[in-house]
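S.K.: Build me a model:
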Amino acid sequence: MKIWIREEKKKMVMAEYNSKTKPNVTYRVYRSQDGKTYYCDCWQWKKTRTCSHLEHYLSQVLPTLRDAHERAKVYDNDGALTVAIDKAISELN
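M.R.: Next up, the predicted model:
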């Protein structure tokens, strides 16, 4: 599985999953243009509107990304960033 956000033909690709049964086949999880709907391009999603790729993305990946985004801090100067790095390194020791 690859996770990234990129635009592809005016669609936002959120993640790619390798097929478990077909070599060299990948399925993509997309986010709709309104940002509220997620869908997959695999055959299972097209048939039932749900699939293991979408379930994994929505239950495992998306909450992790949201949590990381909420905890992210923006440093507006190099001095503050350097202090934060030094503190993180000292906490590792």
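S.K.: Summarise which helices and strands the helix or strand containing W45 is packed against.
M.R.: According to DSSP states H and E, W45 maps onto helix 43-48. Contact here means 3 or more C-beta pairs under 8 Å, 6 or more residues apart in numbering; DSSP states H and E; on that basis helix 43-48 packs against helix 52-56. C-beta: built from backbone N, CA, C; applies to glycine.
S.K.: Enumerate residues external to the helix it packs on that contact any of its residues.
M.R.: 1, 15, 17, 27, 29, 38-40, 42, 44-45 (C-beta atoms under 8 Å, 6 or more residues apart in numbering).
S.K.: Residue ranges in the chain under the pLDDT threshold?
M.R.: 1-6 (pLDDT under 70).
S.K.: Please enumerate the helices of it.
M.R.: 43-48, 52-56, 62-71, 78-92 (DSSP state H).
S.K.: okay, those helices in JSON lines with distance to P23 and mean neighbour count next?
M.R.: Listed next are the helices of the chain as JSON lines, based on distance: least, C-beta to C-beta, whole Å; neighbours: other C-beta atoms under 10 Å:
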{"stretch": "helix 43-48", "distance to P23": "16", "mean neighbour count": "12"}
{"stretch": "helix 52-56", "distance to P23": "17", "mean neighbour count": "17"}
{"stretch": "helix 62-71", "distance to P23": "28", "mean neighbour count": "10"}
{"stretch": "helix 78-92", "distance to P23": "40", "mean neighbour count": "10"}
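S.K.: Let me have those helices in TSV, extended by distance to E8.
M.R.: Compiled in TSV, the helices of the chain are given as follows (distance: least, C-beta to C-beta, whole Å):
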stretch	distance to E8
helix 43-48	17
helix 52-56	16
helix 62-71	19
helix 78-92	33
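S.K.: Okay, and which of the contacts of helix 52-56 map to strands?
M.R.: In strands, judged by DSSP state E, the following of the contacts of helix 52-56 are found: 15, 17, 27, 29, 38-40.
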